[in-house]
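Chemist: Return atomic coordinates for the entry below.
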Amino acid sequence: MSPAQVIELIGRPKRARRLAGGAALRWHYPGLLVQFNRKNNFVTSIRTLQRGARTAAGIAVGAYVGSLARRLNPEDTICTRTGAIQSCVVAAFFTVTEYRVVNGRVAWIEVTLVPGLF
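Modeler: Next up, the predicted model:
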């Protein structure tokens, strides 16, 4: 999806920020971050912090960590913990989905396209 398509779908961002030495651009919306690769000008990841936003697996922002553990396949999932923050990553063929858990609840979900496929 191009920047023009994102604007057409959800409007202009509240703020834009360059990342990684200018190689990436992140647009900020209320409860949503959209990141673009500046080389090919397409969306590379979307992060939602909106409560109730769900993945295809039915996992929602705000869900308890127990719900996350029940819905994810342990063979496809890698979870790590640093203090009160837990991160679970699920790799699929074209995407990587990260669930960030803070204090026992999913704080945000980010879907990233696998590099080299776009």
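Chemist: hey, let's count contacts and neighbours off CA atoms from now on
Modeler: Fine.
Chemist: Need the residue closest to the centroid of this protein.
Modeler: Glu110 (1.1 Å; CA atoms, centre = their mean).
Chemist: Low-confidence stretches in the chain?
Modeler: Low-confidence segments of the chain, defined by pLDDT under 70: 115-118.
Chemist: ok, which stretches of this structure are strands?
Modeler: 15-19, 24-29, 32-37, 42-48, 77-82, 85-91, 95-102, 105-113 (DSSP state E).
Chemist: What sits closest to the residue nearest to the centre of the chain if chain neighbours are left out?
Modeler: Arg47 (4.0 Å; CA to CA, 6 or more residues apart in numbering).
Chemist: Hmm, the one you found is touching Ile109, no?
Modeler: Yes: counting by CA atoms under 8 Å, Ile109 is a contact partner of Arg47 at 5.6 Å.
Chemist: what about the two, which has more around it?
Modeler: Between Arg47 and Ile109, counted using other CA atoms under 10 Å, Ile109 has the larger neighbour count: 25 against 19.
Chemist: how near is that one to Val101?
Modeler: Computed as CA to CA, to the nearest Å, the Ile109 to Val101 distance reads 9 Å.
Chemist: Name all residues that make contact with the residue lying closest to Arg51 once chain neighbours are set aside.
Modeler: With CA to CA, 6+ apart as the measure, Val61 is the residue that lies nearest to Arg51, at 4.8 Å, once sequence neighbours are left out. Residues near Val61 by CA atoms under 8 Å, 6 or more residues apart in numbering: Thr48, Leu49, Gln50, Arg51, Gly52, Ala53, Arg54, Arg105, Val106, Ala107, Trp108, Ile109.
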